[in-house]
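Asker: Got a sequence here, can you build the structure:
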Amino acid sequence: MEEKIRVLMVDDEEQFRETTKKILNRRGFETLIAGSAEEALDLLQEKPDVIILDIRMPGMDGHEALRQFKKRAKEIPVIMLTGHGGESSAKAALSEGAFDYLLKPCEMELLASKISEAGRASRGGNPLEEKKVSSAMIPLDEYERITPDVTVAEAIGILRDSFSGRFSTSRIMETGHHSILVMDEKEELLGIISIRDIIEGLMPEYLSAPKPSLAESIQYSVFFWKGLFTTRALETGKGPVTELMSSVPPSIDGDSNLMEATHMMVNENARRLAVFSQGKFSGVIREQDLLFEFYEIIRRKERGGG
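Answerer: Residues are numbered from 1 along each chain as shown. All right, here's what the predicted structure looks like:
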């Protein structure tokens with residue numbers, strides 16, 4: 001098993017540090033936290049692989065902290081966080097030796113991707129080396145999971161809460177996923193319920209059924225639509241989630257190449273793949289995860305990394 005990347009998060013806001021630590025640990029990182037640059041310098045003895053550093057902090061600011069980190073442990077990549085309007089300052093940090101910078105509020109998935117990239121560089125990996133599917137996927141623990149006896153209404157509530165209950169501050173955002181995993185008591189994946197599945201389930205079957213040739217031009221009146229959404233919502237919400245869920249997506253091994261995942265998504269018209277590691281379901285890789293990797297490759301090229 002690949003050794004966890006150790007991250008040192010440096011920020012003066014306590015709640016942000018603690019919450020971000022929980023999120024990063026849940027995503028498979030080992031996270032150290034420091035409330036000041038001075039405290040972070042002491043934690044260098046813990047040998048972090050990556051440092052996340054806020055530029056604006058009381059006392060020693062991010063720029064001075066970066067210079068001190070580079071004097072004491074120049075091999076550790078430092079990712080700077082800055083607010084909008086501070087991009088010129090962040091770009092200046094690149095000339096001072098920063099690995100990269102991210103603008104706040106920063107999407108957690110993007111931060112996690114950047115940490116993984118920096119971690120590989122810290123451990124002597126090729127910066128152009130592609131991730132495996134297991135490194136780009138969303139881990140199983142990140143998903144909301146339900147059993148097949150849950151109703152559609154309950155599933156919608158869980159899906160909604162996964163968005164509203166996520167962490168969001170002026171520094172960083174963690175958004176919910178657009179789907180829930182349906183699993184049995186043996187932790188076997190039975191299917192996935194997504195927003196699209198729910199919206200399609202609202203549609204009465206007769207609206208999507210083939211029409212006789214003479215009926216192709218039929219236009220429904222305003223009165224036909226009135227109240228139909230409410231009626232269907234109440235009817236559909238009572239049913240089990242298994243009536244609306246999508247089947248299990250195509251599976252792929254966690255050690256597979258990202259192009260293999262891309263090929264599978266395109267050929268099988270799938271927006272996500274179930275990832276298995278050592279024969280066990282371990283997560284999901286989605287089309288947006290491939291998009292993030294696409295973006296990072298271009299960014300590395302722009303910075304002269306390839």
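Asker: Kindly state the beta-bridge partners for residue 253.
Answerer: residue 276 (DSSP bridges).
Asker: any idea how far it is from residue 236?
Answerer: According to C-beta to C-beta, to the nearest Å, residue 253 and residue 236 sit 36 Å apart. In short, each C-beta sits where N, CA and C put it, glycine included.
Asker: between those two, who's got more neighbours?
Answerer: Between residue 253 and residue 236, counted using other C-beta atoms under 10 Å, the more crowded position is residue 236 (19 against 15).
Asker: And that one, which helix or strand is it part of?
Answerer: Here residue 236, judged by DSSP states H and E, is contained in helix 228-238.
Asker: Same question for that helix: list its buried residues.
Answerer: For helix 228-238, the neighbour count (16 or more other C-beta atoms under 10 Å) marks 236-237 as buried.
Asker: what helices or strands is it leaning on?
Answerer: Counting contacts by 3 or more C-beta pairs under 8 Å, 6 or more residues apart in numbering; DSSP states H and E, helix 228-238 packs against helix 152-164, helix 195-202.
Asker: and these, which one's lowest on average pLDDT?
Answerer: Per-stretch mean pLDDT for these is lowest at helix 152-164 (a mean of 85).
Asker: got the contact list for residue 42?
Answerer: Residue 42 makes contact with residue 34, according to C-beta atoms under 8 Å, 6 or more residues apart in numbering.
Asker: doesn't it fall inside a strand?
Answerer: No. Looking at residue 42 with DSSP: H, G, I helix; E, B strand; the rest coil, it is helix, so not inside a strand.
Asker: mind checking pLDDT for it?
Answerer: pLDDT recorded at residue 42 is 93.
Asker: do you know how far residue 236 is from residue 202?
Answerer: Taking C-beta to C-beta, one finds residue 236 at 6 Å from residue 202.
Asker: again with residue 256
Answerer: Distance from residue 256 to residue 202, by C-beta to C-beta: 36 Å.
Asker: May I see the domains of the protein written out as residue ranges?
Answerer: According to automatic domain parsing, the chain comprises the domains 6-129, 138-203+219-291.
Asker: I'd like to know which of those domains lies nearest to residue 299.
Answerer: Among those, domain 6-129 comes nearest to residue 299, with 7.6 Å by C-beta to C-beta.
Asker: distance between the closest one and the chain's centre?
Answerer: 18 Å (C-alpha atoms, centre = their mean, to the nearest Å).
Asker: Would you map the helices across this structure?
Answerer: All helices of the chain, identified by DSSP state H, fall at 14-26, 37-42, 62-73, 87-95, 108-122, 133-136, 152-164, 195-202, 205-208, 222-225, 228-238, 258-267, 287-302.
Asker: Now render the ones you listed as TSV, adding distance to residue 49.
Answerer: Formatted as TSV, these follow (distance: least, C-beta to C-beta, whole Å):
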stretch	distance to residue 49
helix 14-26	12
helix 37-42	14
helix 62-73	11
helix 87-95	19
helix 108-122	4
helix 133-136	14
helix 152-164	30
helix 195-202	36
helix 205-208	51
helix 222-225	57
helix 228-238	47
helix 258-267	22
helix 287-302	17
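Asker: out of these, nearest to residue 180?
Answerer: Here helix 152-164 is closest among the helices of the chain (C-beta to C-beta), at 5.7 Å.
Asker: I figured residue 146 hits residue 156, correct?
Answerer: No. Residue 146 is beyond contact range of residue 156, at 11.0 Å (criterion: C-beta atoms under 8 Å).
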